[in-house]
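Visitor: Just need the structure, nothing else, for what follows:
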Amino acid sequence: MRSRRLWAIVTGFVIVAGLLTATVDWRRGERVDVLVLGGTVVTLDGSATVIPDGAVAVRETAIVAVGPREDLEGRFAPARTVDARGQIVLPGLINTHGHAPMVLYRGLADDLALMAWLNNYIFPAEAATVSPDFVRVGTRLAALEMIGSGTTTFADMYYFEEDIAEVTREAGLRAVLGQSVIQFPVADAPTPQDALARAEQFILRWKHDPLITPAVAPHSPYTLDAGTLKAARALANAHDVPLLIHLAETREEVRIIRDAHRTTPAQYLESLGVWSGRSLAAHAVWLDAADMQVLQARGVGLAHNPESNMKLSSGVAAVPEWLRRGIRAGLGTDGAASNNDLDMFEAMRVAALLQKLATGDPTSLPARQALELATRRGAEALGMGDRIGSLEAGKQADLITVDVSGARQTPLFDPISHLVYVARGADVRTAMVAGRVLMEDRRVRTINAPEALADARAMAERVSAAVAAKAAKGTDNGR
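Guide: Numbers count the residues shown, from 1 in each chain. Just a heads-up that it's a prediction; the model follows:
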């Protein structure tokens, strides 16, 4: 009996000691919410640091540490871990130009030049179909596609931007959203003045949101008069928000502006003061040296959209020259109506290959630069380089993991080369924005995918019927 009591006492001491030891070990670890472990971490920091067996620690919305797995495992006690073995961990991709709801026009009109595509198909389709419901359904589909292919931040120009913001916020994505202003009547504004008033309301509603950056989005120098362009700039400056605009996308645009104003689109906008504030210009295919000098001096960000420019035969932007001159530049997909997808991995690969073909120089736009355009440089082009675009302590926890364990990704000698020349959007396993996991093991957690797809298919039927009915009645090009 005594031996049993003694054994019970000893056993109790052992259990208590074990619990105390566990408590001490737990307290030694610095608490974090998420610890991403075991992947090859491509930080995209200023030194292009790559950590073969790395880890990223996240507390609340921010990254608190990046380093070797062994070091961070010993330092932190996470509420949860993400196993990234067999994967590359990198910053979430940043799409610097697009029109999210236009996924619902995917494949509606192909193999056309820009002006014919816009005037004969897109503007009429928008006149017949765009509504708040259309915008919400399209944005939800776009968000599902973007999360699933590794985009965590996107810039957008469209109508009913307040509805785009609501859906984007629900999905958990980060975005710079520009309320569009255009000269002719559109679904949400009969006049440019009405569009500017909507833009101001939109800015006031979303200005302090942690994920949504509101913006003013005058469509282009060829679809707006000088007074409206100046008013758009004044509105953006009054609220200290960005201005988003299309610029020098085609030779035809350059001809139109030169005939009307005896100068280039970039220098015409400079003469109006449009570049005197935070600005992002999309495309910028047809720039001369003087244009680039103006844009660099004004700190204008440029969004390169290689797939859309190729598909519409718009031309090849001089991206290596942009970078040589110190112009802030990012990468975009444009809308899925002219791409026809939102896969930024595809955009990176095409951007790199296009420059090699166009210049005859295989070293032009190497993989590292292409990846930077989709991450760190894209953040800088949007004026957000202090918050996102690289995996560094203090920045927002926007990251993705990419599976590189399959046959297509084997062998792996250089993770940066793999990300640009091998990876595809479907290889993304995990997506996180501001510390919130949006997708885990390929399952998007913030959007009901079957419902989003069903709504999109139903809306596509309405689009098809509306476009057919408008075509039967004749069209006024959407104006």
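Visitor: contacts and neighbour counts: CA atoms only from here.
Guide: Noted.
Visitor: how about the helix or strand encompassing R169: buried residues?
Guide: Using DSSP states H and E, R169 sits within helix 161-171. Buried residues in helix 161-171, counted by 16 or more other C-alpha atoms under 10 Å: 161-169, 171.
Visitor: quick one: which of those is nearest T430?
Guide: A171 (14.5 Å; C-alpha to C-alpha).
Visitor: you'd agree that closest one is up against I447?
Guide: Yes: the pair A171 and I447 qualifies as a contact (C-alpha atoms under 8 Å) at a distance of 6.1 Å.
Visitor: Now for the two: what residues contact both?
Guide: Common contacts of A171 and I447 (C-alpha atoms under 8 Å, 6 or more residues apart in numbering): R140.
Visitor: Poorly predicted segments of the protein, please.
Guide: 1-28, 474-479 (pLDDT under 70).
Visitor: which element is the spatially closest residue to V467 that is not a sequence neighbour on?
Guide: Leaving aside its chain neighbours, V467 sits nearest to A125 (5.7 Å; criterion: C-alpha to C-alpha, 6 or more residues apart in numbering). Using DSSP H and E, A125 falls within helix 123-129.
Visitor: try L112
Guide: Residue-wise, L112 maps onto no helix or strand under DSSP H and E.
Visitor: Any figure for the gap between it and A358?
Guide: Per C-alpha to C-alpha, to the nearest Å, L112 is found 21 Å from A358.
Visitor: With M459 instead?
Guide: For M459 relative to A358 (C-alpha to C-alpha), the value is 39 Å.
Visitor: Direction included, what does the one helix or strand I88 maps to pair up with?
Guide: Element membership of I88 [criterion: DSSP H and E] is strand 87-91. Sheet pairing here is set by DSSP bridges, and for strand 87-91 it gives strand 40-42 (parallel), strand 399-403 (antiparallel).
Visitor: and these as CSV, adding mean neighbour count and distance to R278?
Guide: Output for those, formatted as CSV (neighbours: other C-alpha atoms under 10 Å; distance: least, C-alpha to C-alpha, whole Å):
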stretch, mean neighbour count, distance to R278
strand 40-42, 25, 29
strand 399-403, 26, 26
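Visitor: Any chance of a markdown table for these, columns distance to I88?
Guide: Output for the strands paired with strand 87-91, formatted as a markdown table (distance: least, C-alpha to C-alpha, whole Å):
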| stretch | distance to I88 |
| --- | --- |
| strand 40-42 | 5 |
| strand 399-403 | 5 |
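Visitor: Figure out which of those strands is closest to L72.
Guide: Taking those one by one with C-alpha to C-alpha, strand 40-42 is closest: 12.9 Å.
Visitor: export the helix holding R169 as PDB, just CAs?
Guide: C-alpha atoms of helix 161-171 as PDB (Å, rounded to 0.1, in the frame of the first residue of the first chain):
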ATOM      1  CA  GLU A 161     -16.900  51.400 -57.700                       C
ATOM      2  CA  GLU A 162     -18.600  51.500 -54.300                       C
ATOM      3  CA  ASP A 163     -20.000  48.000 -55.100                       C
ATOM      4  CA  ILE A 164     -16.600  46.800 -56.200                       C
ATOM      5  CA  ALA A 165     -15.200  48.100 -52.900                       C
ATOM      6  CA  GLU A 166     -17.900  46.200 -50.900                       C
ATOM      7  CA  VAL A 167     -17.200  42.900 -52.600                       C
ATOM      8  CA  THR A 168     -13.400  43.400 -52.500                       C
ATOM      9  CA  ARG A 169     -13.600  44.000 -48.800                       C
ATOM     10  CA  GLU A 170     -15.700  40.900 -48.200                       C
ATOM     11  CA  ALA A 171     -13.300  38.800 -50.200                       C
END
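Visitor: for the following helix or strand past the strand holding I88, packing partners?
Guide: The helix or strand immediately downstream of strand 87-91 is strand 93-95, counting by DSSP H and E. In terms of contacts (3 or more C-alpha pairs under 8 Å, 6 or more residues apart in numbering; DSSP states H and E), strand 93-95 is packed against strand 151-158, strand 329-331, helix 376-381.
Visitor: buried ones in the helix or strand just after the second one?
Guide: Under the assignment DSSP H and E, the closest C-terminal helix or strand after strand 329-331 is helix 344-359. Judged by neighbour count (16+ other C-alpha under 10 Å), helix 344-359 contains these buried residues: 344-356.
Visitor: list the buried ones in the following helix or strand past helix 344-359?
Guide: Going down the chain from helix 344-359, the next helix or strand is helix 367-373, by DSSP H and E. Neighbour counts over helix 367-373 (16+ other C-alpha under 10 Å) mark 367, 369-373 as buried.
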